[in-house]
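>>> Kindly return the folded structure for what I paste below:
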Amino acid sequence: MKTYLDQVKLTGRFHLFAIVFGMAFAFSLLAGADVVFAGWESPQVATGARDSDQAKPNIVLIYTDDQGYGDVSALNRDAKFETPNIDRLAREGMTFTDGHSADTVCTPSRYALLTGRYCWRTRLKRGVLGAEAECLIADGEVTLASFLRDQGYQTAMIGKWHLGMEFVGSKGQDRDWSKPFRDGPIEKGFDRFFGIPASMNYGVLAWLDQDRVTQAPTKWTQKKRGMVKHDSASYRIAPPYLDVPDEIKNDAKRLEVAPDFIDQEVLKVLTEKSIQWLRKAHQDQRPFFLYLPLTSPHKPVVPLKEFQGKSDCGAYGDFMVETDYRVGQILDTLDELQIADSTIVILTSDNGPENTWRGRIEKFQHRSAGIYRDGKRSRYEGGHRVPFFVRWPAKVKANSKCHVPVCQTDFLATFADVLQQPLPSGAGMDSVSLFPGLVGKTFEREPVVHHSSNGQFAIRSGDWKLIINETRGQRQSGVKHELYRLSDDPSETANLAKTNEAKVVELKQKLAAIRAR
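Modelled structure (predicted):
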């Protein structure tokens, strides 16, 4: 883990040099000299030192679910729907055009986001967890929430967890919903939690408040197909629900559901709860951290009635329109409370678009991954290159761009750097601070490791990306390695491995070193 603090440990002699250099630099700015930083467009130079008593910024981290790079109109001029509120983040902040989720499916990306550590370092080497399991975040492991809480922040998570929690009893047998569940968000650093256990294609489907269910999941349901207009591939989780005989309660397709749970209302409820918490947190006059992992546009694709027909991309486009509206409600609340300038707002996605992206190209000519290849679960760019925006008006220049490859593991080191606080020993081992780049300074990052849902690896270093194929079928096909130069070939169409064997060896060695760390 590299921090800005590590870079400014100056000796007394160097202090004098820094002062002289700073004065010369200031005069050069007054004289109209141009300052260029490699890899950046329209950067802003930091406007003075960060004093230890400087007010700590609030932080809002919005995490969408299965939103592809091309599902933002600011990133895809051919998008079949508009996202004016997400576009506002791009216009008023920094766009990381080469920003990546740490994995290509829900659970491992969420683990990496919160801990600054690649998930393949844990017991989960492929796939995702269900609604209930031993939490993937170990007891005592540093998270964004626990670190910020130790720095005096109010911390809240409102949304989809999907990192494992344990309910009392077993499915269809000895449930006791009157007792608290354990190993959830409030045990991982969050003062406040309201949300759902996992994706809605898993049970348990109920609202969770702190460490309790608000209404017991005493009913049963399953995916109800054919209920979404313009999208036959989707489904609903909606009443009426069932009382089912004992012999089919353990059917994997049956989901435990609370009588008051309705899939279409989830985005609205999460946003309303977030706004309520933001208002209260502001009144407490302490800095706050809100983690808002939304459930869209992940299936079920269920836009409310007022958003239906608002796009040229069927129910999926309508759902993205609603998602953008909810983002706008959060931004409007910050404006209303007059704290937008002092609040860092981050929006990014847990992975690329679900495989329904193919149908959208054919039916609506909308490319959810933009120009990038493939989607969710894949090591190709469409699986993990995602929308990645940071707005912080007090520090980050509006409408700026970063073209350096970065990863969602980097938020932990970034927050530590912003607060000028060291991370505890061993924390955030795969996290690199983005702060120098955010304020317009030169910025480098070690190679980013990509990981597919079936447990295979790729590595990105500068312009180059190496995909290592390890399955029997891939070995039999003779394509052991895929090497792409993304600066020339962002859509990954020309495998250069056979003509660049030295680069293959170099990247394999870098990947091995990171994995062994």
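>>> going forward, measure contacts between C-alpha atoms and count neighbours the same way
Fine.
>>> so who does residue 149 touch?
155, 189-190 (Cα atoms under 8 Å, 6 or more residues apart in numbering).
>>> right, I mislabeled it, should have said residue 258
205-207, 215-219 are the contacts of residue 258 under Cα under 8 Å, 6+ apart.
>>> Farthest-apart pair in the residues you listed, please.
In terms of Cα to Cα, the contacts of residue 258 reach their longest pairwise distance at 207 and 219, which sit 13.7 Å apart.
>>> of these two, who's got more company?
residue 207 (22 against 18; other Cα atoms under 10 Å).
>>> and residue 290, bridged to which residues?
For residue 290, the beta-bridge partners are residue 60, residue 156 (DSSP bridges).
>>> So it sits against residue 153, correct?
No: Residue 290 lies out of contact with residue 153 (Cα atoms under 8 Å); the separation is 9.9 Å.
>>> which among the contacts of residue 258 gets closest to residue 114?
residue 207 (21.8 Å).
>>> I figured the closest one was touching residue 217, is that so?
No: applying Cα under 8 Å, one finds residue 207 not in contact with residue 217, separated by 9.2 Å.
>>> Could you report the separation of residue 84 from residue 364?
The gap separating residue 84 from residue 364 is 20 Å, by Cα to Cα, to the nearest Å.
>>> and what of residue 284?
Relative to residue 364, and taking Cα to Cα, residue 284 is found at 47 Å.
>>> how near is residue 154 to residue 327?
Going from residue 154 to residue 327 by Cα to Cα gives 21 Å.
>>> What of residue 373?
From residue 373 to residue 327 the distance is 27 Å (Cα to Cα).
>>> Of these two, give the one with the bigger neighbour count.
Using other Cα under 10 Å as the criterion, residue 373 and residue 327 rank with residue 327 on top: 22 against 17.
>>> Neighbours of residue 121, how many?
Counted with other Cα under 10 Å, residue 121 comes out at 12.
>>> And for residue 307?
Residue 307: 18 neighbours (other Cα under 10 Å).
>>> Ok, residue 209 next?
Applying other Cα under 10 Å, we find 17 residues neighbouring residue 209.
>>> which residues touch the closest residue to residue 198 other than its chain neighbours?
Sequence neighbours aside, residue 162 is the residue nearest to residue 198 in space, at 4.1 Å (criterion: Cα to Cα, 6 or more residues apart in numbering). By Cα under 8 Å, 6+ apart, the residues touching residue 162 are 106-107, 110, 129-131, 197-199.
>>> Please settle this for me: is residue 162 part of a helix?
No: read with DSSP: H, G, I helix; E, B strand; the rest coil, residue 162 is coil and lies in no helix.
>>> Roughly how far does it sit from residue 442?
Taking Cα to Cα, one finds residue 162 at 36 Å from residue 442.
>>> what do you get for residue 288?
For residue 288, the distance to residue 442 - Cα to Cα - is 29 Å.
>>> Neighbour count: the two, which is higher?
Shown here are residue 288 and residue 442; by other Cα under 10 Å, residue 288 has more neighbours (25 against 14).
>>> any idea how far that one lies from residue 152?
In terms of Cα to Cα, residue 288 sits 9 Å off from residue 152.
>>> Then residue 71?
36 Å.
>>> Could you check which of these two is surrounded by more residues?
Under the neighbour definition other Cα under 10 Å, residue 71 and residue 152 were set side by side, and residue 71 has more, 30 against 12.
>>> so the more buried one sits right up against residue 78, yeah?
No: using Cα under 8 Å, residue 71 makes no contact with residue 78, being 9.9 Å away.
>>> starting at the chain centroid, how far to stretch 505-516?
In this view, stretch 505-516 has its centroid 25 Å away from the chain centroid, taken as Cα atoms, centre = their mean, to the nearest Å.
>>> Report the buried residues of that stretch.
Neighbour-count burial for stretch 505-516, counted by 16 or more other Cα atoms under 10 Å, picks out 507-508, 510-511.
>>> next one: stretch 128-139
Quick answer for stretch 128-139 (16+ other Cα under 10 Å): 128-132, 135-137.
>>> go on, stretch 71-91?
71-76, 78-91.
>>> Quick one: end-to-end length of it, please.
Stretch 71-91: ends 16 Å apart by Cα to Cα.
>>> Would you mind checking the average pLDDT for it?
Averaged across stretch 71-91, pLDDT comes to 98.
>>> I would like the residues contacting that stretch, please.
69-70, 310-313, 317-318, 320-321, 324-325, 327-328, 347, 364-370, 387, 389-391, 398-400.
>>> pLDDT below threshold where in the stretch 1-150 of the chain?
1-54 (pLDDT under 70).
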